[in-house]
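Participant: build me a structure from this.
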Amino acid sequence: MKFSLNLNKIALLRNARGDNYPNLDDYANIAIDLGVDGLTLHPRPDHRHATSSDVISIAKLCKDRGVEFNLEGNPFSEKSDVFLGFKNLVLESKPDQITLVPDLPNQITSDHGWESGDHDQALKALISDFKNISPTSKISLFIFIIMF
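Facilitator: Now for the predicted structure:
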């Protein structure tokens, strides 16, 4: 089993303080020194925690340190004034894993998984695009399974 640490809450604390403390790269290096197999970021279009530049920086750090980088997010998230757009982040970071999450822009946290719907064909097309722009990336879908 592999362990990938999500750094979003470190980024959230940094952003709340309005400075670069705590430093995300420092915490990433500490986590790698402690033996994690990978690091995860889930940037959102409003940059409320991980930012587009964080994704690029942590992806490079992971490649340099030989651990996996997992990019999570909504594949339908488009480019905006501050956000590069999920597809562009895949292109820039070439993550080891891409985890597709159906969160809405105003959601506090991910609270549901993918369900079949009107988006199915568009989602399949995006997955195909991701395979073309980052052919070595594993692609997974964030889903919930409820067992009774």
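Participant: tell me where the model's unsure across this structure.
Facilitator: 108, 111-112, 146-148 (pLDDT under 70).
Participant: which residue ranges of it form helices?
Facilitator: Along the chain, counting by DSSP state H, helices occupy 8-17, 24-33, 52-65, 86-93, 120-133.
Participant: partner residues bridging residue 68?
Facilitator: residue 38 (DSSP bridges).
Participant: mind listing what it touches?
Facilitator: Applying Cβ atoms under 8 Å, 6 or more residues apart in numbering to residue 68 gives the contacts 2, 4, 37-39, 62, 96-97. C-betas here are computed from N, CA, C, even on glycine.
Participant: what about the helices of the chain, which gets the closest to residue 105?
Facilitator: Distance to residue 105, taken as Cβ to Cβ, is lowest for helix 86-93 among the helices of the chain, at 11.7 Å.
Participant: not counting the closest one itself, show me its contacts.
Facilitator: Counting by Cβ under 8 Å, 6+ apart, 43, 52, 55-56, 59, 69, 71, 73-77, 79, 84, 98, 126, 129-130, 133-134, 137 sit against helix 86-93.
Participant: quick one, which of these are buried?
Facilitator: Neighbour counting by 16 or more other Cβ atoms under 10 Å classes 43, 52, 55, 59, 69, 71, 73-75, 77, 84, 98, 126, 130, 134, 137 among the contacts of helix 86-93 as buried.
Participant: nearest to residue 115 among those residues?
Facilitator: Taking the buried ones among the contacts of helix 86-93 together and measuring to residue 115 by Cβ to Cβ, the closest member is residue 74, at 14.1 Å.
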